[in-house]
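> I would like to see how this sequence folds:
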Amino acid sequence: MRVLAIESSCDETAAAVVVDGRTVESSVVASQVALHARYGGVVPEVASRQHLRNFAPVVRQALAQAGCSLDAIDAVAGTRGPGLAGSLLVGYNGAKAIAYGRGLPFLGTHHLEGHVYANWLVEGPEPRFPALCLVVSGGHSDLVLMRGHGRYERIGGTRDDAAGEAFDKVGRLLGLPFPGGPHVARLAGEGGPSTLALPRPWMHGTFDFSFSGLKTAVLHTVQRGAYPAAAVAWEFQEAIVDVLAGKTSRLARELGAVEVLVAGGVAANRRLREELQRRCPVPVRIPPPSYCTDNAAMIGAAAGYRLALGQQSPLGEDIFSTNDWQRV
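This next block holds a predicted model:
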C-alpha cells in the first residue's frame, strides 16, 4: 500500500510517499522558520498563505523523489488536526482533492497519532504493545497508553503551556532567536549546576503537565539578573526534563508497559533522550530528529496502519469533525 501523505498543521508544508506504514520512499519538508522569525513566532495567516504557495511544488517533489507518479499511489492521507485551522485546511483539502480526482481511498490522520507512528519508520522490529507514548511538542505534552493499532487511552496531558511552548517562550525571555527550543538547549550545554533552583511542577496525584509556573519563575529570575543566561537555560531544561522523564518512567511501571515511545519536536532534545533512557524500566524508542519535528512521513505511517485495518475517512469530513485519536 503506497500512501501519498500531506502534513500542514503549523508552519511546515510536507509531503511524503510511504509504503505499508514503514518504508519511506520520499519525505519533503518546506519550512517557514525564516519567514516567521521576524515576528518571534508563527503568524497563522502568513503560514496558511505560504502553504498555498508550497503545496503543489512540495507534492511534485515528493513524487519525483520517490520515482513515481500519482498512477502508482494507492491512497492519500492528510493531517486533520490538531493545529492551526488555516494551515490545516490547505493540506487537508488538497489531499482530499487528489484522492477525489484519482478515485483513491482517503485517510484523515490525527497529527499526534502521526508523531507516535514516527517510531515505526525506524529500521528493526516494530514496537510492541502495550506501549506508553510520551508526545512532547510545541502545543502538547501527552501521556497515552497504546494497546494496539488505533487503540489509545489518554492518561495525562497539558493543562497550560506544553513543554515545547515553554522552551520557545523561555528562549524569548533569554533573547534567543526563534524558534527558541533548540537555542535554549544549545545555551544550556554551556551552563551547569549553580545555586539557582527552579520549581519542578510535579502536580502530585495526576499525570497531567503544567509548565506555565516554571516559565514565570524563569521570567522573575531573568528580571533579577542574578544568574547568567547559560545557567538559567541549564536549570530550566533540567526542570522540564526531570518532570517529563520522572512521570513517564513512573507511569510505565504502574501500567506494565513493555516499551516507551517518544514523539514530537521536543523528543529531539538530547537531555530528555538521555534521562528517559536512564530512568525508564523498559526499552525506550525515540525517532531520529528529522522524524521528531513535523513531517509527512509520520502521517503516511499512521495512515498505512489504519488502511491495513480497512479504515478510511469520508471525503465530506472536515478538520473540525473530531480530534479523538480513536476515530478515523
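> which helix of the protein spans the most residues?
helix 229-255 (DSSP state H).
> Show me what it is packed against.
Under the contact definition 3 or more C-beta pairs under 8 Å, 6 or more residues apart in numbering; DSSP states H and E, helix 229-255 sits against strand 131-136, strand 141-148, strand 151-156, helix 163-173, helix 180-188, helix 212-224, helix 270-279. C-beta: built from backbone N, CA, C; applies to glycine.
> What are the buried residues along that helix?
229-245, 247-249, 251-252 (16 or more other C-beta atoms under 10 Å).
> The nearest residue to residue 240 once chain neighbours are set aside and residue 136, how far apart?
If you skip the residues right next to it in sequence, residue 240 has residue 163 as its closest partner in space, 5.6 Å away by C-beta to C-beta, 6 or more residues apart in numbering. Distance of residue 163 to residue 136, computed by C-beta to C-beta, to the nearest Å: 5 Å.
> need the contact list for residue 191.
228, 230-235 (C-beta atoms under 8 Å, 6 or more residues apart in numbering).
> repeat that for 10 Å
227-238 (C-beta atoms under 10 Å, 6 or more residues apart in numbering).
> ok, those vs residue 183, which is closest?
Using C-beta to C-beta, residue 233 is the member of the contacts of residue 191 that sits closest to residue 183, with 8.6 Å.
> was I right about the closest one contacting residue 175?
No - Residue 233 is beyond contact range of residue 175, at 11.1 Å (criterion: C-beta atoms under 10 Å).
> Report the backbone C-alpha coordinates of the helix or strand just after the longest helix of the chain in PDB.
Moving toward the C-terminus from helix 229-255, the next helix or strand (DSSP states H and E) is strand 259-263. The C-alpha trace of strand 259-263 is given here as PDB (Å, rounded to 0.1, in the frame of the first residue of the first chain):
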ATOM      1  CA  GLU A 259       8.000  -0.200  25.700                       C
ATOM      2  CA  VAL A 260       8.000   3.600  25.900                       C
ATOM      3  CA  LEU A 261       7.600   5.500  22.600                       C
ATOM      4  CA  VAL A 262       8.700   9.100  22.500                       C
ATOM      5  CA  ALA A 263       7.400  11.500  19.800                       C
END
